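Asks: Turn this into a model:
(chains A and B)
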Amino acid sequence: MNLDIQREELLISQLADLLKNNKHVAVGAASPIPGAAALLAKEEAKFLNKRLRVTILHSNKYNNFTDGARELFDCAAQGRIDTFFLGGVQIDGQANINLVGTGEYPKIKKRFPGSFGSALMYFVVPQIILFREEHSPRTLVKKVDFISAPGVSERGVYRPGGPKYLLTNRALFKFNKNLKKFSLHKINEKETVKNLIKVTGFDFDVDNKISQMSNPDTNRLNILRDKIAPMVSEFYPEFANKIWGI
Amino acid sequence: MKSFDELSLKEIVDEVQDGFILGIPADYSGVPMKFTKELIKKGVKNLKLYCLPLTTIQGDMLIGSGCVSEIEAAAVTLGEFGMAPRFSEAVENGKILIKDSTCPALHAQLQATEKSVPFMPLRGVIGSDIQKHRKDWHVIENPMRSSGVREEPVLLLPAVQLDILVFHAPCSDRNGNIQIGRRRELATLAHASKKVFVTVEKVLNIDFFEDELSAATCLPALYVNGISIVKNGAWPCALPGVYSSDNEEIKKYSLAAKTKEGFGEYMRYFL
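Replies: The predicted structure follows:
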């Protein structure tokens, strides 16, 4: 087996660590890495005699819904989903996310696909994991150009859910709801805190016990490559082909 | 055997008038691509696309072909093949109006029409720039004493009725009931549309209502105005459960459509 761990495999492994003790994880559009992480966590839960339910929206096979595309949102609003993943063209220091574009709306300079279901999911799912591979001043900004979904809400707004983590290819942050601020939790072994401050557009705190992102062990890597990779190719064929050549 | 008159694809295309609100199914629920191709050939103008909740190549082609003046959607994207280039270009240059929304709101607005009520409430969304820019949406305080939290702000969304919906499905039975399987959002779209036309791969000489399993997974003929048999009608998009998407073709499109010229060349071949 090739023991060189690919960047994507490290990220899948980091995300899988955050899904322990979940009962139901859902994965939305354009999310091959979160999708693989959820299926990996489900497989590993079996060894602990636990059952993790995974719903992958863009899959027919790994999908628990029969009531049409609205069921994801109804199910989430009912509190039946523990973790969901959201991304962003831009993410800012208060965990506001922008999936719409850059420039001043509506006269936008660069248009991206749109907000998808973020404007509800961000409010109702207890653990939202923000995931954006590119970690640069361009993606992690002081203030987003457009708020697809706000990181925090005013008092009185129904909001049992919200951001808990932000994972990039350089670092893992935790979000502190009361301080409305991210704190650095884990860093990639190739990174330094000093450099992270330079490449992050917003201010953040640094945890006292900051650690390195650990690589997946051989066991996990075996499960991922032998078992999960073929599953991923059902719903993200391009991604599976690129990473695992299948 | 059939108890309905089959339409030609042209007869369905002729039902679409300039300025209509056209219902657009997501890439997982049966995109009527052969129909879209004929619609573009006809040169229809000023369509308002209502996507439930997103569109891929169908919307991008219609926009690139100058058929669209307005689009209401939660996303326009080519999925694994990146951004929808003609859509992005049209928005950046102010050629079309985009009513940015979010998936559950697009569902809820049609659900209001299903129930024939003027609006539907939804939680979430409040405090986003989506809400800020939607002058047709309103926030009220929850007036109920018995449910929710009193004085909690709640978003109200207007009922939306579509002029016409066209989608592609695996089959109909001999009575014109359409198999939609678990893609129940197609029923939501149909219930909220003045007219509904469906292209199908084939017509089966059975009655879906004779079996509980097939009865539960069909759209009853009462919502359907016409059916046309169109083989491979979703290509290059997938028809879930029947065939998968032609990824080579979509990739080809995604590369060609990056420029206006490339798109024009692609469409000459496609049409």
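Asks: how about the strands in chain B?
Replies: B:21-25, B:47-52, B:54-55, B:68-73, B:75-76, B:97-100, B:119-122, B:138-141, B:153-158, B:162-172, B:178-179, B:193-203, B:218-219, B:226-229 (DSSP state E).
Asks: quick one: is the first one near chain A?
Replies: Translated: strand B:21-25. No: between strand B:21-25 and chain A, judged by CB under 8 Å from any CB of the partner chain, nothing touches; the nearest distance is 9.5 Å. In short, each C-beta sits where N, CA and C put it, glycine included.
Asks: Could you find the closest non-adjacent residue to the one residue in the stretch 151-271 of chain B that gets nearest to chain A?
Replies: Of the stretch 151-271 of chain B, the residue with the smallest distance to chain A, taken as CB to the nearest CB, is B:Arg184 at 3.1 Å. Nearest non-adjacent residue to B:Arg184, counting by CB to CB, 6 or more residues apart in numbering or on different chains: A:Gly68, 3.1 Å away.
Asks: In this structure that neighbour contacts B:Glu185, no?
Replies: Yes: under the criterion of CB atoms under 8 Å, A:Gly68 makes contact with B:Glu185 at 3.8 Å.
Asks: where do the contact lists of those two overlap?
Replies: Jointly contacting A:Gly68 and B:Glu185 under the rule CB atoms under 8 Å, 6 or more residues apart in numbering or on different chains are B:His107.
Asks: Neighbour count for those two, which is higher?
Replies: B:Glu185 (25 against 20; other CB atoms under 10 Å in any protein chain shown).
Asks: residue contacts, that one?
Replies: Contacts of B:Glu185 (CB under 8 Å, 6+ apart): A:68-70, B:25-26, B:29, B:52, B:107.
Asks: How about A:Tyr122?
Replies: Contacts of A:Tyr122 (CB under 8 Å, 6+ apart): A:86, A:97, A:128, A:149-151, A:161-163, B:124.
Asks: quick one: the helix or strand hosting A:Phe84 near chain B?
Replies: Applying DSSP states H and E as the criterion places A:Phe84 in strand A:83-86. No: Strand A:83-86 stays clear of chain B (CB under 8 Å from any CB), getting no nearer than 11.7 Å.
Asks: And that strand, how far out from the chain middle?
Replies: Strand A:83-86 sits 6 Å away from the centroid of its parent chain (CA atoms, centre = their mean, to the nearest Å).
Asks: Among the contacts of B:Glu185, which one sits closest to B:Thr217?
Replies: Nearest to B:Thr217, judged by CB to CB, of those is A:Gly68 at 11.6 Å.
Asks: so what's B:Ser3 scoring on pLDDT?
Replies: You'll see B:Ser3 listed with a pLDDT of 89.
Asks: quick one: it and B:Gly176 touch, right?
Replies: Yes: applying CB under 8 Å, one finds B:Ser3 in contact with B:Gly176, separated by 6.9 Å.
Asks: Just want to know which of those two has more residues nearby.
Replies: Applying other CB under 10 Å to B:Ser3 and B:Gly176 shows that B:Gly176 carries more neighbours, namely 24 against 10.
Asks: how close does that one sit to A:Leu99?
Replies: For B:Gly176, the distance to A:Leu99 (CB to CB, to the nearest Å) stands at 40 Å.
Asks: same question, B:Asn177
Replies: Distance, B:Asn177 to A:Leu99, using CB to CB: 38 Å.
Asks: Surely B:Val91 and A:Lys110 touch.
Replies: No: shown here, B:Val91 and A:Lys110 do not form a contact pair, counting by CB under 8 Å, at 9.8 Å.
Asks: Which pLDDT value goes with the residue of chain B positioned farthest from its centre?
Replies: Relative to the mean C-alpha coordinate of chain B, counting by CA atoms, centre = their mean, the farthest residue is B:Arg145 (37.3 Å). pLDDT for B:Arg145: 85.
Asks: And it, how far from A:Val157?
Replies: Counting by CB to CB - B:Arg145 and A:Val157 are separated by 19 Å.
Asks: what do you get for A:Gly117?
Replies: Plainly put, A:Gly117 is 18 Å away from A:Val157 if you go by CB to CB.
Asks: Any idea which residue of chain A lies closest to chain B?
Replies: Taking CB to the nearest CB, chain A has A:Gly68 as its residue nearest chain B, at 3.1 Å.
Asks: ok, back up a step: could you identify which of the strands of chain B is most buried?
Replies: strand B:75-76 (a mean of 29; mean count of other CB atoms under 10 Å in any protein chain shown).
Asks: and that strand, average pLDDT?
Replies: What strand B:75-76 shows for mean pLDDT is 98.
Asks: tell me what that strand is packed against?
Replies: strand B:54-55 (3 or more CB pairs under 8 Å, 6 or more residues apart in numbering or on different chains; DSSP states H and E).
Asks: What count of nearby residues applies to A:Arg7?
Replies: By other CB under 10 Å, the burial measure for A:Arg7, its neighbour count, is 12.
Asks: That one and A:Thr168 touch, don't they?
Replies: No: A:Arg7 is beyond contact range of A:Thr168, at 11.1 Å (criterion: CB under 8 Å).
Asks: in the chain, which spans are helices?
Replies: With no chain named, the answer covers chain A. Using DSSP state H, the helices found in chain A span residues A:7-17, A:32-47, A:71-77, A:118-124, A:193-199, A:218-222, A:229-235, A:237-244.
Asks: My question was about chain B, not that one.
Replies: B:9-14, B:33-42, B:57-64, B:85-92, B:103-115, B:129-133, B:185-191, B:212-216, B:247-256, B:260-270.
Asks: which ones are touching the nearest residue to B:Lys42 once chain neighbours are set aside?
Replies: Counting by CB to CB, 6+ apart, B:Lys42 lies nearest to B:Val13, which is 5.5 Å off, once chain neighbours are set aside. Listed by CB under 8 Å, 6+ apart, the contact set of B:Val13 reads B:35, B:38-39, B:42.
Asks: mind redoing it with 6 Å?
Replies: Taking CB atoms under 6 Å, 6 or more residues apart in numbering or on different chains as the criterion, B:Val13 is in contact with B:38-39, B:42.
Asks: Tell me the residues of chain A that contact chain B?
Replies: Within chain A, the positions lying close to chain B (CB under 6 Å from any CB of the partner chain) are A:60, A:66-70, A:73, A:111, A:113-117, A:119-120, A:123, A:146-147, A:149-150, A:153, A:157-158, A:238.
Asks: wait, doesn't A:Ile228 sit right on A:Leu40?
Replies: Yes: A:Ile228 is within contact range of A:Leu40, at 5.2 Å (criterion: CB atoms under 6 Å).
Asks: which bits of the stretch 51-200 of chain B sit near chain A?
Replies: Checking the stretch 51-200 of chain B against chain A by CB under 6 Å from any CB, the hits are B:74-77, B:80, B:88, B:91-92, B:102-104, B:107, B:123-130, B:152, B:182, B:184-185.
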